[in-house]
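[1] Return a 3D structure for these sequence lines:
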Amino acid sequence: MRQRSLRFSTVVLSLLVMSILALTAAPALAKKPKKRKAAAEKAERLKRESEARIAALYQMAMTRTSQIASPSQPVIGAMNDSGASIVAPVTPATNAQFLADDAAPPALAPAAGTLLISEFRLRGPGGASDEFIEIYNNSGADHTVAAISGTGYAVAASDGVVRCTIPNATVIPARGHFLCTNSVAYSYSTYPSGNGTTATGDATYVTDIPDNAGIALFNNNTGGASFNLANRFDAVGSTSEANTLYREGPGLAVLMPFSIDYAWVRDECGKGGAATLLGPCTISTPRDTDDNATDFYFADTNATPAGAGQRLGAPGPQNLSAPIQRNSTITVNFLDNTVPQASAPNRVRDFTADPGNNSTFGTISIRRRWVNNTGANVTLLRFRIIDLDTFPTVPGFADLRARTSGAVVVAGINDSATCTAAGQATPCSVTVQGTTLEQDTTAPNFGQPNGGGFNSSMSAGTITLGTPLANGASINLQFLLGIQQTGNFRFYVNVEALP
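    Okay, here's the model as predicted:
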């Protein structure tokens with residue numbers, strides 16, 4: 001991959017674990033309403049949600065100015081923390097719970113039972129049949145599959161042929177996933193998923209879906225006339241797809257048939273996967289505007305120019321066993337709240353060049369303390385990158401690559417909460433655990449040789465079934481980012497956890 005070099009410049013860091021919408025319990029719908037009624041209801045809901053977000057975001061601290069310092073600029077940061085910082089101790093305006101602020105209108109949950117196609121690819125390193133289609137329950141309630149006819153919901157291609165069925169009585173958890181894979185050549189089956197599981201298909205098929213064809217999810221698997229707009233949950237396809245039943249809006253860009261490690265991913269930040277757009281994310285769940293080109297972005301592990309723009313990232317297929325987004329109940333704090341966000345130990349700059357690990361200009365380590373407020377033991381904890389300045393970039397913006405890191409011991413902590421959680425008085429020394437860039441490195445895949453980007457996930461390996469994070473307990477973690485170009489940057493993640 002071609003890299004750009006640039007003299008060191010001023011940097012803006014916005015590490016934000018974005019908000020999960022406050023969810024209102026509602027019974028799962030067995031059927032999708034008629035399209036016109038659904039469209040009207042959805043337009044009104046989106047309007048209300050937008051108003052709620054705007055009111056809440058009005059209170060949110062904006063991006064602060066700091067530096068990725070060069071060796072001649074040893075002082076890390078001139079962070080203006082006179083107001084609320086982006087990742088601060090638990091306050092309504094700065095973490096995943098900000099929509100719970102009493103001063104802001106309550107967030108509105110999508111209608112229960114809404115299912116979306118959230119990520120897919122129709123080709124991969126294994127060739128034309130290296131395919132998967134991920135379904136997402138875009139609601140705050142479990143969805144129990146109950147087809148209007150046949151044995152379940154169908155994922156079908158625009159040839160009208162059912163590729164896989166989600167069987168009746170299947171329960172897709174609130175904010176959970178269901179994964180369909182082509183068993184002929186699907187190659188991402190060792191990517192981590194749940195406790196002791198990997199991203200294998202919940203249902204499989206063998207008939208290839210042609211490149212750039214449209215796909216749709218229906219509330220039945222009877223086919224024929226039953227595959228119609230009124231019975232459709234969701235659809236996505238390219239501009240070359242003639243049948244509008246199998247796409248929303250004009251469609252996605254047409255891809256060249258390269259057998260690369262890519263995915264089309266629903267935007268979970270609100271910026272459309274823009275690699276050089278500062279400012280906060282405005283959403284943290286998959287975007288759904290009924291316009292495929294607006295809702296999805298293309299990413300691959302080499303930032304390949306394949307017809308849909310370049311963007312470093314990775315597939316991240318999730319199945320029924322995968323962790324669920326827990327932004328609202330696993331909260332984030334500075335490692336040491338007595339010092340500014342941009343200063344050590346909360347952020348540590350290392351100028352050691354390490355080109356072999358995508359760190360030509362060194363690294364930056366972002367360190368935080370995460371608290372389990374779920375009400376139960378957490379047995380799996382990981383973080384999905386939803387916004388990042390990465391390749392390809394432009395002058396003035398950084399090029400960052402997520403890396404695996406190990407544990408470090410940090411001394412001189414004066415934060416009483418951090419020290420108390422470690423069973424010590426201030427000042428104290430604490431262990432900050434590393435995070436692991438999750439990859440599938442089995443042939444024909446090569447993992448993420450250029451580092452992590454959009455949609456990459458990073459796990460906290462010390463949290464397991466055998467060593468869970470108890471309710472009320474916390475864990476100190478670092479996120480290590482290689483620097484290939486210095487400049488303005490931001491880094492946002494969603495929290496995913498089990499149960």
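[2] mind showing which ranges of this protein have poor pLDDT?
    1-113 (pLDDT under 70).
[3] Now with 50, please.
    1-37, 47-113 (pLDDT under 50).
[4] Which residue ranges of it form helices?
    Under the criterion DSSP state H, the chain contains helices at 35-57, 292-295, 416-421.
[5] who's in contact with residue 313?
    Contact analysis of residue 313 by Cβ atoms under 8 Å, 6 or more residues apart in numbering lists 263, 265, 273, 299-301, 385, 390, 453-456. Where you see a C-beta, it was placed from the backbone N, CA and C, and this is true even at glycine.
[6] Next, format the residues you listed as TSV and append neighbour count.
    Formatted as TSV, those follow (neighbours: other Cβ atoms under 10 Å):
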residue	neighbour count
263	24
265	26
273	24
299	29
300	26
301	26
385	26
390	32
453	26
454	29
455	23
456	26
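[7] Just give me the closest of the residues you listed to residue 233.
    Checking the contacts of residue 313 against residue 233 by Cβ to Cβ gives residue 265 as the nearest, at 18.4 Å.
[8] That closest one and residue 159, how far apart?
    Going from residue 265 to residue 159 by Cβ to Cβ, to the nearest Å gives 24 Å.
[9] and if you look at residue 434?
    47 Å.
[10] Same check on residue 414?
    Taking Cβ to Cβ, one finds residue 414 at 64 Å from residue 159.
[11] swap in residue 469?
    47 Å.
[12] of the two, who's got more company?
    Comparing residue 469 with residue 159 by other Cβ atoms under 10 Å, the one with more neighbours is residue 469, at 24 against 13.
[13] I'd guessed that one sits against residue 373; true?
    No - under the criterion of Cβ atoms under 8 Å, residue 469 makes no contact with residue 373, lying 10.8 Å away.
[14] Let me see the ranges of the strands in the stretch 151-300 of the chain.
    For the stretch 151-300 of the chain, the strands defined by DSSP state E, counting those that start in this stretch cover 152-157, 162-167, 171-172, 177-182, 203-205, 215-218, 232-236, 262-266, 296-300.
[15] among these, which is nearest residue 318?
    By Cβ to Cβ (comparing all of those), the closest turns out to be strand 177-182, at 4.0 Å.
[16] orientation of the closest one relative to strand 152-157 in degrees?
    Interaxial angle of strand 177-182 relative to strand 152-157 (axes from the mean of the first three to the mean of the last three Cα atoms, to 10 degrees): 50 degrees.
[17] got the CA coordinates for strand 177-182 in CSV?
    The C-alpha trace of strand 177-182 is given here as CSV (Å, rounded to 0.1, in the frame of the first residue of the first chain):
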residue,chain,number,x,y,z
HIS,A,177,-27.4,-10.9,14.4
PHE,A,178,-28.1,-13.9,12.2
LEU,A,179,-25.5,-15.0,9.6
CYS,A,180,-26.1,-16.7,6.2
THR,A,181,-23.0,-18.1,4.5
ASN,A,182,-22.2,-19.8,1.2
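[18] And the lengthiest strand in the chain, what does it pack against?
    Assignment by DSSP state E gives strand 474-485 as the longest strand of the chain. With contacts taken as 3 or more Cβ pairs under 8 Å, 6 or more residues apart in numbering; DSSP states H and E, strand 474-485 sits against strand 363-372, strand 399-403, helix 416-421, strand 428-432, strand 491-498.
[19] Now tabulate the ones you listed in a markdown table and tack on mean neighbour count and distance to residue 286.
    Listed next are these as a markdown table, based on neighbours: other Cβ atoms under 10 Å; distance: least, Cβ to Cβ, whole Å:
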| stretch | mean neighbour count | distance to residue 286 |
| --- | --- | --- |
| strand 363-372 | 22 | 23 |
| strand 399-403 | 28 | 21 |
| helix 416-421 | 18 | 33 |
| strand 428-432 | 18 | 31 |
| strand 491-498 | 24 | 11 |
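[20] Make TSV out of the ones you listed and add distance to residue 215.
    Converted to TSV, the helices and strands packed on strand 474-485 look like this (distance: least, Cβ to Cβ, whole Å):
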stretch	distance to residue 215
strand 363-372	36
strand 399-403	29
helix 416-421	47
strand 428-432	43
strand 491-498	25
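[21] so which of those comes closest to residue 203?
    strand 491-498 (21.4 Å).
[22] could you say what helices and strands the closest one packs with?
    strand 15-17, strand 324-325, strand 380-388, strand 474-485.
[23] Thought residue 167 was touching residue 145, still the case?
    Yes - Residue 145 is in contact with residue 167 according to Cβ under 8 Å; the separation is 6.6 Å.
[24] Who has more neighbours out of the two?
    A side-by-side neighbour count of residue 145 and residue 167, using other Cβ under 10 Å, places residue 145 first with 21 against 14.
[25] re earlier: next, format the strands of the stretch 151-300 of the chain as JSON lines and append distance to residue 323.
    Compiled in JSON lines, the strands of the stretch 151-300 of the chain are given as follows (distance: least, Cβ to Cβ, whole Å):
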{"stretch": "strand 152-157", "distance to residue 323": "23"}
{"stretch": "strand 162-167", "distance to residue 323": "20"}
{"stretch": "strand 171-172", "distance to residue 323": "14"}
{"stretch": "strand 177-182", "distance to residue 323": "10"}
{"stretch": "strand 203-205", "distance to residue 323": "20"}
{"stretch": "strand 215-218", "distance to residue 323": "22"}
{"stretch": "strand 232-236", "distance to residue 323": "22"}
{"stretch": "strand 262-266", "distance to residue 323": "17"}
{"stretch": "strand 296-300", "distance to residue 323": "20"}
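[26] for these, which one sits closest to residue 475?
    strand 177-182 (24.5 Å).
[27] Identify the neighbouring strands of the closest one in the sheet and state each direction.
    Using DSSP bridges, the strands paired with strand 177-182 are strand 132-137 (antiparallel), strand 203-205 (parallel).
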